[in-house]
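Trainee: 3D, please:
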Amino acid sequence: MNEKVEVVVVNTTVDGEERAAALAGKLVEQKLAACVHRWPIQSVYTWKGAIESEREIVLSVKTRRSLVTEIIECIKSHHGYDVPEIIVTPVIGGLRDYLEWVRTETRDPG
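Mentor: Coordinates of the predicted model:
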């Protein structure tokens, strides 16, 4: 196992199941993600001075830290929001076999 390859989780939300399925598929197909979990939520937020409440789909992308820039660009280019939520969280531990699987199912950057 290459301990220098760090695993992260990238979270974003999108406006519907169709966009969520397409984006998740694209990330996995391009080997930018080993796995993408998706589930529906109800979000309450302020946008342009108004309180909004919308159904969204959360995408939780398991990937390598070195792929984050490419993932951000992919999300931005296939997203419907002016300012998409994109949050990167480092994985500081976990089942070694799972973390190795994430490393092997994702490609080197570039």
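
Trainee: Skipping adjacent residues, who's closest to Val44 in space?
Mentor: Ser53 (4.9 Å; CB to CB, 6 or more residues apart in numbering). No exception for glycine: its C-beta is placed from N, CA and C like everyone else's.

Trainee: ok, so what distance separates that neighbour from Val14?
Mentor: Per CB to CB, to the nearest Å, Ser53 is found 16 Å from Val14.

Trainee: Can you pull out the residues in contact with stretch 39-47?
Mentor: Defining contact as CB atoms under 8 Å, 6 or more residues apart in numbering, one finds that stretch 39-47 is touched by Thr13, Glu17, Ile51, Glu52, Ser53, Glu54, Arg55, Glu56, Ile57, Val58.

Trainee: Could you say which helix or strand holds the first one?
Mentor: Element membership for Thr13, per DSSP states H and E: strand 7-14.

Trainee: what's the angle from the helix or strand that that strand is followed by to strand 7-14?
Mentor: If you walk from strand 7-14 toward the C-terminus, the next helix or strand you reach (DSSP H and E) is helix 17-29. Counting by axes from the mean of the first three to the mean of the last three CA atoms, to 10 degrees, helix 17-29 lies at 160 degrees to strand 7-14.

Trainee: Which positions within helix 17-29 qualify as buried?
Mentor: Within helix 17-29, the residues that qualify as buried by neighbour count (16 or more other CB atoms under 10 Å) are Arg19, Ala20, Leu23, Ala24, Lys26, Leu27, Val28.

Trainee: Could you do stretch 53-70 as well?
Mentor: Buried, per 16+ other CB under 10 Å, within stretch 53-70: 56-68, 70.

Trainee: For it, what does the pLDDT average out to?
Mentor: Regarding stretch 53-70, the rounded mean pLDDT is 97.

Trainee: about what we covered before: and the contacts of stretch 39-47, which is closest to Ile75?
Mentor: Thr13 (10.3 Å; CB to CB).

Trainee: How about the closest one, nearest residue that isn't a chain neighbour?
Mentor: Distances taken as CB to CB, 6+ apart put Glu56 closest to Thr13, at 4.2 Å, once the chain neighbours are dropped.
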